[in-house]
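> Just the structure for this:
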Amino acid sequence: MPRELKNTPKVKAQSKSSKIVTSVAMIIAALGLTYIPLPGSQKTVIVVSGTELQEPLQELEAKFEQANPNIRLELKFQGSQELVNNYLDQKNDFKPTILIPANGEILTELSDRLRTTNPTEPFYDSPRPLAKTLLVGIAWPERGKVLFPNGRFQWSKLEQAMQAGNWGKVGGSSNWGSFDFVTTDPTRSNSGQLTLNLWTQSKLGGAINADSFNNSSIQTLFSLIKKSVYQPPRSTDILLQEFIVRGANDADVATVYESVALYRWQQSAASKGKPYQVYYLDPSIETTATAAIVRRDVDAGTAKAAKQFLDFLTQPEQQAVFIQYGFRPVNNNVDLKTVPNSPWSQNIPGAEVNPSVKILPPPDIQIITEIQRQWERAN
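The predicted model follows:
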């Protein structure tokens, strides 16, 4: 009869060792799955934002992806009105997950326009406010003192200078040459729309509606501005970078967001020696960068990943980053003055934590539509 095989101590030791190795391998694999996404499990969230948020979002992108390795962000930047128009007309060569225009009213416009062809809710959740800012004026110091001698921004003074055409006719030095005002294209950018809205209110002496743009004085004003503003930039941050590069010889006064004005102030100081002065408009408009997760071409898993990103952006630590870039927080637990490197602690000429001006809500969709229509008709 064949002898019965018995486990020798050596075989038992090898078996026990193999079990230990297998267990360790399983633990390592389990740990690895915690930190390394499985093939196909990573979600890509495509974020299309107004350019005013470009630098803070780029800074926060790596931090978010490090904390959430199963989510990859792709950031795209366009003018606020432009990003909505591109989404509506499907002009992008990518499928957006999140849209973040500078103004929540623009998302209302998007929602209304989408519902005309499809009654389905266009967003996964209610739009989320991320950061706030105001529309302000900026001017190079010497020119600002001539145009606004009392230190207060005035639309009427701006219009007079545009009508005159050169500084010599409005009390400035003839060596300064032509008067050059800069604003963004209102068919592509929110700040251009806010500029024309406030200027129209000032011209007519109070609140306006869609019919206000049929006034002949407003039509004349739009024509004057359009002739004076040659090739307006598509977005506010692009405008300010060009304003700094061009300097006082080619750009004298501009309307921009307080956020980019404060953030890029040091850049103007470094390149021009005498940085620009900030002027608070009275009244001004507070505009809130607002995010929406769109439904078209976005599955539920990707929408969940997008929500994680928006939750991340509204936490105090990330809100502090927005402050460092000149934005005002939507999280009331974050203080403008106590955040390290806050621009409100850098003695920027004209900057105020609580400016004593009246703050108006953004214009509604009807007024925005009329502003764009009147701009396109002006010649």
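> contacts and neighbour counts: CA atoms only from here.
Fine.
> The helix or strand hosting Ser271 - contacts with which helices or strands?
Using DSSP states H and E, Ser271 sits within helix 265-272. On a contact count with 3 or more CA pairs under 8 Å, 6 or more residues apart in numbering; DSSP states H and E, helix 265-272 meets helix 236-246.
> Show me how this protein divides into domains.
Using automatic domain parsing, the domain parsing of the chain gives 43-132+288-329, 133-287+352-377.
> And the longest one, end to end?
The straight-line separation of the ends of domain 133-287+352-377 (CA to CA, to the nearest Å) is 30 Å.
> That domain: how far from the chain's middle?
Remark: domain 133-287+352-377 is offset 18 Å from the chain centroid, using CA atoms, centre = their mean, to the nearest Å.
> That one - what's its average pLDDT?
In this model, domain 133-287+352-377 has a mean pLDDT of 94.
> what separates Pro233 from Ala207, distance-wise?
Counting by CA to CA, the gap from Pro233 to Ala207 is 28 Å.
> So which elements touch the one helix or strand Lys157 maps to?
Taking DSSP H and E as the definition, Lys157 sits inside helix 155-164. Applying 3+ CA pairs under 8 Å, 6+ apart, one finds that helix 155-164 makes contact with helix 141-147, helix 190-204, helix 216-228.
> buried set for it?
If you call a residue buried by 16 or more other CA atoms under 10 Å, then helix 155-164 has these buried ones: 155, 158-159, 161-163.
> circling back to that earlier point, can I get the domains of the chain in JSON lines including distance to Leu336?
Shown next, in JSON lines, are the domains of the chain (distance: least, CA to CA, whole Å):
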{"stretch": "domain 43-132+288-329", "distance to Leu336": "7"}
{"stretch": "domain 133-287+352-377", "distance to Leu336": "7"}
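> re the thing from before, now the angle from the helix holding Ser271 to helix 236-246?
20 degrees (axes from the mean of the first three to the mean of the last three CA atoms, to 10 degrees).
> Now the element after helix 265-272, going C-ward?
The helix or strand immediately downstream of helix 265-272 is strand 277-280, counting by DSSP H and E.
> Can you check which of the helices and strands packed on helix 155-164 gets nearest to Asn333?
Asn333 lies closest, by CA to CA, to one member of those: helix 190-204, at 27.4 Å.
> What are the contacting residues of that closest one?
79-81, 102-103, 135, 155-156, 183-187, 207-208, 218, 235-236, 255-257, 283-285, 362-363, 367-368, 371-372 (CA atoms under 8 Å, 6 or more residues apart in numbering).
> Can you say which of those residues are buried?
Applying 16+ other CA under 10 Å to the contacts of helix 190-204 flags 79-81, 102-103, 135, 155, 183-187, 208, 218, 235-236, 255-257, 284-285, 362-363, 367-368, 371-372 as buried.
> Helices - which of these land there?
80-81, 155, 218, 236, 367-368, 371-372 (DSSP state H).
> would CSV of those with distance to Ser111 be doable?
Converted to CSV, these look like this (distance: CA to CA, whole Å):
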residue, distance to Ser111
Ser80, 15
Gln81, 13
Trp155, 33
Ile218, 29
Thr236, 24
Ile367, 17
Ile368, 15
Ile371, 19
Gln372, 18
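> nearest to Thr338, of those?
Thr338 has its nearest neighbour among these in Thr236, at 27.0 Å by CA to CA.
> so what's the closest one up against?
51-52, 79, 183-184, 189, 191, 256-257, 260.
> Of all the domains of the chain, which one comes closest to Lys337?
Closest approach to Lys337 among the domains of the chain is made by domain 133-287+352-377 (7.9 Å; CA to CA).
> Specify the local secondary structure of the closest residue to Thr290 other than its chain neighbours.
Nearest residue to Thr290 in three dimensions, chain neighbours excluded: Pro129, at 4.2 Å (CA to CA, 6 or more residues apart in numbering). Following DSSP: H, G, I helix; E, B strand; the rest coil, we place Pro129 in the strand state.
> in the stretch 251-379 of the chain, which spans are strands?
Assigned by DSSP state E, counting those that start in this stretch, the stretch 251-379 of the chain shows strands spanning 253-257, 277-280, 284-293, 328-329, 359-360.
> Give me the pLDDT for Ser23.
On the pLDDT scale, Ser23 gets 52.
> Same check on the one 10 residues further on?
Leu33 carries a pLDDT score of 43 in this model.
> again with Arg296
96.
> can you check the one 3 residues further on too?
Turning to Asp299, the model gives it a pLDDT of 97.
> In contact with the closest residue to Val339 other than its chain neighbours: list those residues for me.
The spatial neighbour of Val339 that comes closest, neighbours along the chain excluded (CA to CA, 6+ apart), is Ala320 at 6.2 Å. Contact partners of Ala320, counting by CA under 8 Å, 6+ apart, are 329, 334, 339.
> Spatially, what comes nearest to Pro127 if we skip its sequence neighbours?
Take Pro127 and drop its neighbours on the chain: the residue closest to it by CA to CA, 6+ apart is Ala292, 4.5 Å away.
> burial measure for that neighbour, as a count.
When neighbours are counted by other CA atoms under 10 Å, Ala292 registers 24.
> same thing with Asn92?
So Asn92, with other CA under 10 Å, has 11 neighbours.
> For the helix or strand where Leu110 lies, enumerate the helices and strands it packs against.
Assigned by DSSP H and E, Leu110 belongs to helix 104-115. Here helix 104-115 touches helix 80-88, strand 284-293, helix 365-377, going by 3+ CA pairs under 8 Å, 6+ apart.
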